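Engineer: The following comprises the amino acid sequence and a computationally predicted model.
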Amino acid sequence: MPSIPVVSSRAPYEDAIRALESAGCVVVTGVTDAVTRQTIKRELGPYLDAADVKRSLNEKYAQDGGPSDFYPGNTKRITALVAKSETFRSFVVHPLMLSVCDALLKPNCVTYQVHATAGLSVGPGATVQVLHREEDPFNIFPLPRPNLIIATMWAITDFTEENGGTHLVPGSHRWPAGRTARDEEVVAAEMPAGSVLLWMGGTLHGAGANRTADDWRFGIFLSYSLGWLRQEENQYLDAPREVARTLPKQLRDLIGYKMHLALGYTDAAPQNPR
Ligand SMILES: O=C(O)CCC(=O)C(=O)O
């Protein structure tokens, strides 16, 4: 039976990196404490409250008999988290994230960058999301692709099989084109709040269905990519100059206010956005 390796945040980061490289996914427990999770919930709460709940898509799913939308029913999704949350900024520069990206992305680039950010709340009745790979937009590379992306999901609430814990297909980051996942190869990431699930950009995954009566699963999605790729989320619009100029340089560089060799020049000095 395939499984998702679990490592403590107190173990050397190399343990998580090895497990991630080998299984294509890993859960690291104990990364955030209760105060941090409460704070990020408070910071993002108003945005989540205002977000559209995709109920109508659930109905469409039922009509079509399959996943008709990338975010199937009863989910809330908010983006632009660098601009919206101070606490999220500490996630981006967390030493575990940087160690993983140094080990697995740096061999293919000079510097890596934030690829996308999102708060994903999966509500009761939400249906299963179609399995996909973060790297699919870069399909010019044949499968299995070189490491292009590292993705992470920060459990702000508990993640369970019943409440929509992320589905993963361990080992699928090494699969050739044409191989699809059998049901028994799909595993739900069950992890207590405070854990972070990491997966390779080539690993098949998707949100699980939420079969509970009233348990909203809330996670923070954060991904990184090679510095010479187009970012999935446009950080120059979602964290524009007025925001960027208030950020520490390390974070500003990470969200893309930095050249990658000859790429990304601008009239403004990159280290000093106007
Ligand atoms: O919410 C999840 O568990 C996974 C979300 C995901 O894979 C996506 O939004 O692309």
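Structural biologist: In hand now; what should we look at? Numbering: from 1, shown residues only.

Engineer: tell me which parts of the stretch 1-150 of the chain are close to the ligand?
Structural biologist: Residues of the stretch 1-150 of the chain lying close to the ligand (Cβ under 6 Å from any ligand atom) are L120, V122. Where you see a C-beta, it was placed from the backbone N, CA and C, and this is true even at glycine.

Engineer: what does the stretch 151-274 of the chain give?
Structural biologist: Within the stretch 151-274 of the chain, the positions adjacent to the ligand are M153, T166, H205, G206, A207, G219 by Cβ under 6 Å from any ligand atom.

Engineer: wait, what's in contact with the last one?
Structural biologist: This means G219. With contact set as Cβ atoms under 8 Å, 6 or more residues apart in numbering, G219 has these partners: G119, L120, M153, W154, A155, I156, T157, F159, T166.

Engineer: Quickly find the element holding the fourth one.
Structural biologist: Taking DSSP states H and E as the definition, W154 sits inside strand 149-155.

Engineer: For the residue located most distally from the centre of the chain, give its distance to the ligand.
Structural biologist: Most distant from the centre of the chain: D267, at 31.7 Å, with distances by Cα atoms, centre = their mean. To the ligand, D267 is 34 Å away according to Cβ to the nearest ligand atom, to the nearest Å.

Engineer: which residues sit in contact with that residue?
Structural biologist: By Cβ under 8 Å, 6+ apart, the contact set of D267 is empty.

Engineer: rewinding a little: for the residues of the stretch 151-274 of the chain next to the ligand, give me TSV that also has pLDDT.
Structural biologist: Formatted as TSV, these follow (pLDDT from 0 to 100):
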residue	pLDDT
M153	98
T166	98
H205	98
G206	97
A207	96
G219	98
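
Engineer: okay if I get these as JSON lines plus distance to V7?
Structural biologist: Output for these, formatted as JSON lines (distance: Cβ to Cβ, whole Å):
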{"residue": "M153", "distance to V7": "15"}
{"residue": "T166", "distance to V7": "17"}
{"residue": "H205", "distance to V7": "18"}
{"residue": "G206", "distance to V7": "23"}
{"residue": "A207", "distance to V7": "23"}
{"residue": "G219", "distance to V7": "18"}
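
Engineer: Could you identify the helix or strand that succeeds the helix or strand bottoming out on mean pLDDT in the chain?
Structural biologist: Every helix and strand of the chain was ranked by mean pLDDT, DSSP states H and E. The lowest is helix 55-64, at a mean of 46. Counting by DSSP H and E, the next helix or strand C-terminal to helix 55-64 is strand 75-78.
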